[in-house]
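S.K.: Fold the following.
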Amino acid sequence: MVRREIRSQEARRREVRRQEARRREVRRKEIRRRIRSHRPINNEDTLRRIANLSQQDTTDLFTAQFFNGSSFN
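M.R.: Numbering: from 1, shown residues only. This next block holds a predicted model:
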């Protein structure tokens with residue numbers, strides 16, 4: 001009887017520790033999400049990459065119809 005009580009107490013302690021760890025993990029994720037959302041966006045690198053793309057071939061009829069609109073009849 002005493003052993004069952006000890007085991008159930010241990011199980012409760014483990015469950016409480018698990019819940020506390022889960023709360024800490026959720027809180028850490030929430031803080032990281034807030035920090036990430038306030039981080040300035042570096043558009044310079046993206047714009048530089050776009051500017052350095054090679055010229056695309058626009059003579060393809062299907063591509064021209066697709067992007068400029070066509071009835072495809």
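S.K.: centroid residue for the chain?
M.R.: With distances taken as C-alpha atoms, centre = their mean, the residue of the chain nearest its centroid is Arg33 (9.6 Å).
S.K.: Which element is encountered next along the chain beyond whatever helix or strand that one lives in?
M.R.: Per DSSP states H and E, Arg33 falls inside helix 2-37. Sequence order places helix 43-51 as the next helix or strand after helix 2-37, per DSSP H and E.
S.K.: Just the CA atoms of that next one, as PDB, please.
M.R.: Below are the C-alpha coordinates for helix 43-51, written out as PDB (Å, rounded to 0.1, in the frame of the first residue of the first chain):
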ATOM      1  CA  ASN A  43      15.800  43.600 -48.700                       C
ATOM      2  CA  GLU A  44      19.100  44.800 -50.100                       C
ATOM      3  CA  ASP A  45      20.400  41.300 -50.600                       C
ATOM      4  CA  THR A  46      17.200  40.100 -52.200                       C
ATOM      5  CA  LEU A  47      17.100  43.100 -54.600                       C
ATOM      6  CA  ARG A  48      20.700  42.700 -55.500                       C
ATOM      7  CA  ARG A  49      20.100  39.000 -56.400                       C
ATOM      8  CA  ILE A  50      17.100  39.900 -58.500                       C
ATOM      9  CA  ALA A  51      19.100  42.600 -60.300                       C
END
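S.K.: chain center to it: distance?
M.R.: 22 Å (C-alpha atoms, centre = their mean, to the nearest Å).
S.K.: quick one: pLDDT of the residue nearest to the centre of the chain?
M.R.: Looking at Arg33, its pLDDT stands at 86.
S.K.: same thing with Arg28?
M.R.: Listed pLDDT for Arg28 reads 94.
S.K.: What separation do you get for it and Ala21?
M.R.: Distance, Arg28 to Ala21, by C-beta to C-beta, to the nearest Å: 11 Å. (Each C-beta comes from the backbone N, C-alpha and C, glycine too.)
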